[in-house]
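1. generate a structure from the sequence data that follows.
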Amino acid sequence: MSLNLKRDQIPPTEAKVWKLNLEEEKKLTFNLIVPPVIFQKETYLKLTGENNNRVRIYLGLEPEQKEGKYMLCAYAVSTFLLGSGDVYRDYENPVFKLGRVNQDHSKSNEVLDNIRRYRKWRMGELDSDNELAVFRKYIYPNAFLMTKYELLDIFEVQGKKEAQIGFGISKTMHTMIYSDIKDERSIDDITSVFNFSDLCPPVCDTSSIFNSDGDTE
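-> Numbers count the residues shown, from 1 in each chain. As a prediction, this is how the structure comes out:
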């Protein structure tokens with residue numbers, strides 16, 4: 001039976017595999033806690049603006065640990081197309097931390113610190129005693145450049161006020177964007193889910209302040 005999928009929508013069976021893959025990685029390399037990552041329509045409108053900019057989401061780690069694990073966090077920034085190519089540059093302001101309530105962290109010193117802390121985890125530097133940690137750089141990206149379609153569909157077509165960003169793994173970790181909000185999702189959750197952001201690396205803004213540690217591997 002063929003499915004009538006929207007643009008950039010993941011087939012339910014594929015989405016289930018992605019989630020299963022991430023569950024397997026929790027036994028190996030993904031030793032993080034992921035709180036709900038909520039993207040609010042109000043934030044989306046501020047970032048896309050009149051020019052209909054795209055949004056890039058950077059991953060970070062909170063400085064505090066819970067139950068011996070770091071907490072993942074996410075920051076959204078606006079991007080603009082440079083010239084006629086496929087290079088998207090980041091605007092340095094505003095920067096929003098995505099949680100139950102999106103917060104403007106444009107003047108916060110913690111943004112770059114948290115992003116750099118995640119990069120160290122990704123490169124296996126935070127827990128070098130874990131022999132599998134060195135493989136994280138092949139699985140987990142630094143950031144996600146979102147396409148216009150999934151967010152446009154959820155916020156404008158469906159009229160939702162919030163979208164939830166989850167994660168799953170094909171060969172690398174991807175975003176999975178939901179139009180409903182849940183604290184926990186079962187593997188068999190058949191809610192429609194969107195994807196197909198461009199991963200950083202390789203699609204990075206190397207001149208961005210958010211890449212100021214120089215690590216773009």
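
2. neighbours of residue 202, how many?
-> By other Cβ atoms under 10 Å, the residues close to residue 202 number 9. The C-beta positions use only the backbone N, C-alpha and C, and glycine is treated the same way.

3. list the contacts for residue 15?
-> The neighbours of residue 15, taking Cβ atoms under 8 Å, 6 or more residues apart in numbering as the test, are 168, 176, 193.

4. now do the contacts for residue 87.
-> 81, 205.

5. put together JSON lines for the contacts of residue 15, with distance to residue 156 and neighbour count on each row.
-> Converted to JSON lines, the contacts of residue 15 look like this (distance: Cβ to Cβ, whole Å; neighbours: other Cβ atoms under 10 Å):
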{"residue": "168", "distance to residue 156": "24", "neighbour count": "21"}
{"residue": "176", "distance to residue 156": "20", "neighbour count": "21"}
{"residue": "193", "distance to residue 156": "18", "neighbour count": "26"}
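
6. how about those residues in a markdown table, adding secondary structure?
-> Formatted as a markdown table, the contacts of residue 15 follow (DSSP: H, G, I helix; E, B strand; the rest coil):
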| residue | secondary structure |
| --- | --- |
| 168 | strand |
| 176 | strand |
| 193 | strand |
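
7. and the residues you listed, which is the shakiest by pLDDT?
-> Across the set of the contacts of residue 15, residue 193 stands lowest in pLDDT, at 71.

8. wait, isn't it in contact with residue 180?
-> No: in this structure residue 193 lies outside contact range of residue 180 using Cβ atoms under 8 Å: 10.0 Å.

9. ok so, going back, closest to residue 6 out of the contacts of residue 15?
-> Taking Cβ to Cβ as the measure, residue 6 sits nearest to residue 193 out of the contacts of residue 15, at 10.6 Å.

10. worst-scoring helix or strand of this structure, pLDDT-wise?
-> The weakest-scoring helix or strand in the chain, judged by mean pLDDT, DSSP states H and E, is strand 193-194 (a mean of 70).

11. now do the strands in this structure.
-> Counting by DSSP state E, one finds strands in the chain at the ranges 9-10, 32-33, 38-40, 54-66, 69-81, 88-97, 103-104, 143-145, 162-169, 173-178, 193-194, 198-200.

12. which of those strands has the lowest average pLDDT?
-> Looking at these, the bottom one is strand 193-194 with a mean of 70.

13. one step back: got TSV for the strands of the chain, with distance to residue 121 too?
-> As requested, these are exported to TSV (distance: least, Cβ to Cβ, whole Å):
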stretch	distance to residue 121
strand 9-10	26
strand 32-33	8
strand 38-40	22
strand 54-66	6
strand 69-81	7
strand 88-97	18
strand 103-104	22
strand 143-145	14
strand 162-169	14
strand 173-178	13
strand 193-194	25
strand 198-200	16
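
14. if we compare the ones you listed, which one ends up closest to residue 24?
-> Minimum separation from residue 24 across those (Cβ to Cβ) falls at strand 162-169, 8.2 Å.

15. which outside residues touch the closest one?
-> Contact with strand 162-169 is made by 15, 17-19, 21-22, 25, 34, 36-41, 57, 74, 98, 139, 150-151, 154-155, 173-182, 185, 193, as judged by Cβ under 8 Å, 6+ apart.
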